[in-house]
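Novice: below is the structure, and that's it, no one-letter string:
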């Protein structure tokens, strides 16, 4: 049985999501060029990823994808129904991100040689600000 192209995607995640959607609805689908695009992500833009299906299922697959793009398969749940993020968690996460950003780029055995005294002052200030923000978030 000959395979024909259903659609072409530029992103491997979109292609996999569409393939899972079509497979759930009984369409035999295959994502091509997955190996090349995951080994070298720049190839995603150059090659694209094709969804392939047997020739007799191509029109049904295109129809399903068009209906999904129009939102026909969306449910009634709104994003407003989802629980809000805890502000304490967000503040602690920002503090940890500051600490990792300050030290992560220079981690390793060359840390003392790469940082001059001015850099060390900046690292200490960032660590202090991050620590204060974490303590303030935990105290609130």
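Specialist: Everything's here; your move. Since the structure is predicted, the reported quantities are computational estimates derived from the model, not experimental observations.

Novice: any idea how this structure splits into domains?
Specialist: Domain assignment for the chain by automatic domain parsing gives 3-69, 83-139.

Novice: so for the shortest one, what's the average pLDDT?
Specialist: The one in question is domain 83-139. Average pLDDT, domain 83-139: 67.

Novice: what does the longest one give?
Specialist: Averaging pLDDT along domain 3-69 yields 87.

Novice: ok, which stretches of this structure are helices?
Specialist: 12-24, 34-39, 43-47, 58-69, 87-104, 111-114, 117-139 (DSSP state H).

Novice: now the domains of the chain as CSV including distance to residue 75?
Specialist: Every C-beta, even on glycine, is put in place using the N, C-alpha and C of the backbone. Converted to CSV, these look like this (distance: least, C-beta to C-beta, whole Å):
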stretch, distance to residue 75
domain 3-69, 13
domain 83-139, 17
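
Novice: what's the most buried one of those?
Specialist: A comparison of the domains of the chain by mean neighbour count, using mean count of other C-beta atoms under 10 Å, puts domain 3-69 on top with a mean of 16.

Novice: that domain: end-to-end distance?
Specialist: With C-alpha to C-alpha, to the nearest Å as the measure, domain 3-69 spans 23 Å from end to end.

Novice: stretch 15-31 now?
Specialist: Stretch 15-31 has an end-to-end distance of 7 Å (C-alpha to C-alpha).

Novice: what do you get for stretch 31-48?
Specialist: Terminal residues of stretch 31-48 lie 10 Å apart, using C-alpha to C-alpha.

Novice: can you list contacts of that stretch?
Specialist: Residues outside stretch 31-48 that contact it (C-beta atoms under 8 Å, 6 or more residues apart in numbering): 8, 9, 10, 11, 12, 15, 16, 19, 49, 50, 51, 52.

Novice: turn those into TSV, including distance to residue 120.
Specialist: TSV is the format used below for these (distance: C-beta to C-beta, whole Å):
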residue	distance to residue 120
8	51
9	47
10	44
11	42
12	42
15	47
16	46
19	51
49	47
50	53
51	53
52	57
